[in-house]
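**Q** Here is the input, now give the coordinates:
(chains A and B)
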Amino acid sequence: MDMGPLIAYEIISENTNLFFAFLIGIGFGFVLESSGFSSSRKLVGIFYGYDTVVLKVFFTAGITTMLGLLFFSLFGWIDLSLIFINPTYLYSAIIGGIIMGAGFIIGGFCPGTGVCAAAIGKIDAMMFLVGIFIGITFFNETYPLWEGLFKASYLGTPKISELFGISDGLMALLFVLMAMAAFWLGERFEKIKKPVVY
Amino acid sequence: MKPRILLAIFAVPLALIIAAVPENTTHAFKLTPSELLEEANSGVQYYSPDEIADMIIKEDPSLQLIDVRNADEFEKFNLPGAMNIPLTDILSEDWQAYLDQDIRINIFYSNGSLKSDKAWMITRQLGYENNYVLMGGLNYWVETIMNPTSPNATSPDEEFAKYDFRKGAGSALGGSAGAMNESTTSSKPALPVIRSKPKKKRVQGGC
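**A** Residues are numbered from 1 along each chain as shown, chains lettered A, B, ... in the order given. Alright, predicted model coming up:
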């Protein structure tokens, strides 16, 4: 019998959900901080090839969640058709990705790690957050200018497995193998580059 | 051992398993066989003829009688306000909005209760709520409501009260006191507009 998602099946309310989100958020922040993600030198290491811990942490989180959801679905614990999938607006995704990536390299943080680093008192992270809020305000105030581009090329919620016409399970296997290859390559790069002291 | 190797030892076999098994398609059915058996045995699906007669006379708007016999039998005789969904058509898309809703009390009936029990089992297994069965079907209906037998003189008062109710209900519904309700096609009730209950929606969210 399906038991999840918990909100869609009205097992928990929206407010209880927010409470769980709060607890999970604390856990997320804790993992970010304990993985050293509040150091921008460590974060941007991924771009210069001397530290691939960002890749490892996020890829590991991804494959853990993916396998967990697929097994839950196999056991009939969760109805995957009710899981939220971020809808794809192609141009928004590409342009947003470029802006986010540029901001990541220039600022040395992504939004989550920026908050994390600000919380342990890093001044550059606080400045980074100020920048984020300026960006958010600018985007919202000028939203009518961007609306056409923002909503262009709406693809719904496509999945790579659907694009290739393979099962979710097979896609998961390919993704796990990809992760393993990426980890191996990452560690090779770390050996080639000279170690950086943070 | 490197964490990378350790992760591979766990993740790769799990991914192999998930790639090899078929995707779960079990969510179409909501009850396990034992749950269904328990419900069927407990008799929660039954409404007695007295309860139904009372609802018909009071013109209870939540009542929707559903005749699951075939169309010929339905034309010959039906209960007031009943609609016809032959058992063979019960999975048709046309009727889904009537069967899967949370506004009315659907009462299945047939000659006995065999067909209506089948209809109830199918809809229950599909996870639909608010579907019930007329206990004993039309045969028991005729026996109790249309031609009630007077209780023995030594019976308790409740039996007499029940008998009086049945006699009144029977004559109101065209039982032995009046002519048997020979239905005509023109008296077929207009199908009520029923709002299908909203489907479960995807959770909204994102980061």
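
**Q** Spell out which residues sit in contact with residue A:62, please.
**A** When contacts are counted by C-beta atoms under 8 Å, 6 or more residues apart in numbering or on different chains, residue A:62 touches A:175, A:179. Heads up, the C-betas are built off the backbone N, CA and C, glycines and all.

**Q** For it, report the pLDDT, please.
**A** We have a pLDDT of 93 for residue A:62.

**Q** three-state assignment of it?
**A** Put simply, residue A:62 is helix when judged by DSSP: H, G, I helix; E, B strand; the rest coil.

**Q** From the rest of the structure, what touches stretch B:9-17?
**A** A:63-64, A:67, A:71, A:169, A:172-173, A:175-177, A:179-180.

**Q** Out of these, which comes closest to residue B:153?
**A** Using C-beta to C-beta, residue A:71 is the member of the contacts of stretch B:9-17 that lies nearest residue B:153, at 69.5 Å.

**Q** Leaving out sequence neighbours, find the closest residue to that closest one.
**A** residue B:18 (6.5 Å; C-beta to C-beta, 6 or more residues apart in numbering or on different chains).

**Q** picking that back up, would you turn the contacts of stretch B:9-17 into JSON lines with distance to residue A:122 and secondary structure?
**A** JSON lines is the format used below for the contacts of stretch B:9-17 (distance: C-beta to C-beta, whole Å; DSSP: H, G, I helix; E, B strand; the rest coil):
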{"residue": "A:63", "distance to residue A:122": "30", "secondary structure": "helix"}
{"residue": "A:64", "distance to residue A:122": "28", "secondary structure": "helix"}
{"residue": "A:67", "distance to residue A:122": "34", "secondary structure": "helix"}
{"residue": "A:71", "distance to residue A:122": "39", "secondary structure": "helix"}
{"residue": "A:169", "distance to residue A:122": "42", "secondary structure": "helix"}
{"residue": "A:172", "distance to residue A:122": "37", "secondary structure": "helix"}
{"residue": "A:173", "distance to residue A:122": "40", "secondary structure": "helix"}
{"residue": "A:175", "distance to residue A:122": "34", "secondary structure": "helix"}
{"residue": "A:176", "distance to residue A:122": "35", "secondary structure": "helix"}
{"residue": "A:177", "distance to residue A:122": "37", "secondary structure": "helix"}
{"residue": "A:179", "distance to residue A:122": "30", "secondary structure": "helix"}
{"residue": "A:180", "distance to residue A:122": "33", "secondary structure": "helix"}
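
**Q** farthest-separated two in those?
**A** Greatest spatial distance in these: A:71 and A:180, 18.9 Å, computed using C-beta to C-beta.

**Q** give me the low-pLDDT residue ranges for the chain?
**A** If you meant another chain, say so; for now it's chain A. Counting by pLDDT under 70, chain A contains low-confidence ranges at A:1-4, A:8-9, A:195-198.

**Q** right idea, wrong chain: chain B
**A** Flagging of chain B using pLDDT under 70 yields the residue ranges B:24-30, B:175-207.

**Q** Near chain B, which residues of chain A are found?
**A** Residues of chain A lying close to chain B (C-beta under 8 Å from any C-beta of the partner chain) are A:1-2, A:5, A:7-9, A:56, A:60, A:63-64, A:67, A:70-71, A:73-76, A:79, A:81-86, A:167-170, A:172-173, A:175-177, A:179-180, A:183-184, A:187.

**Q** Quick one: the strands in the chain, in order.
**A** Defaulting to chain A. A:88-89, A:154-156 (DSSP state E).

**Q** Please refer instead to chain B.
**A** Along chain B, the stretches classed as strands by DSSP E are B:46-47, B:63-67, B:83-84, B:105-109, B:131-134.

**Q** Which among these is found nearest to residue A:90?
**A** strand B:131-134 (45.3 Å).

**Q** picking up where we left off before, among the contacts of stretch B:9-17, which ones are buried?
**A** A:63, A:67, A:71, A:169, A:172-173, A:175-176, A:179-180 (16 or more other C-beta atoms under 10 Å in any protein chain shown).

**Q** TSV for the residues you listed, including distance to residue B:74?
**A** What follows is the buried ones among the contacts of stretch B:9-17, written out as TSV (distance: C-beta to C-beta, whole Å):
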residue	distance to residue B:74
A:63	58
A:67	53
A:71	49
A:169	48
A:172	52
A:173	55
A:175	56
A:176	58
A:179	62
A:180	65
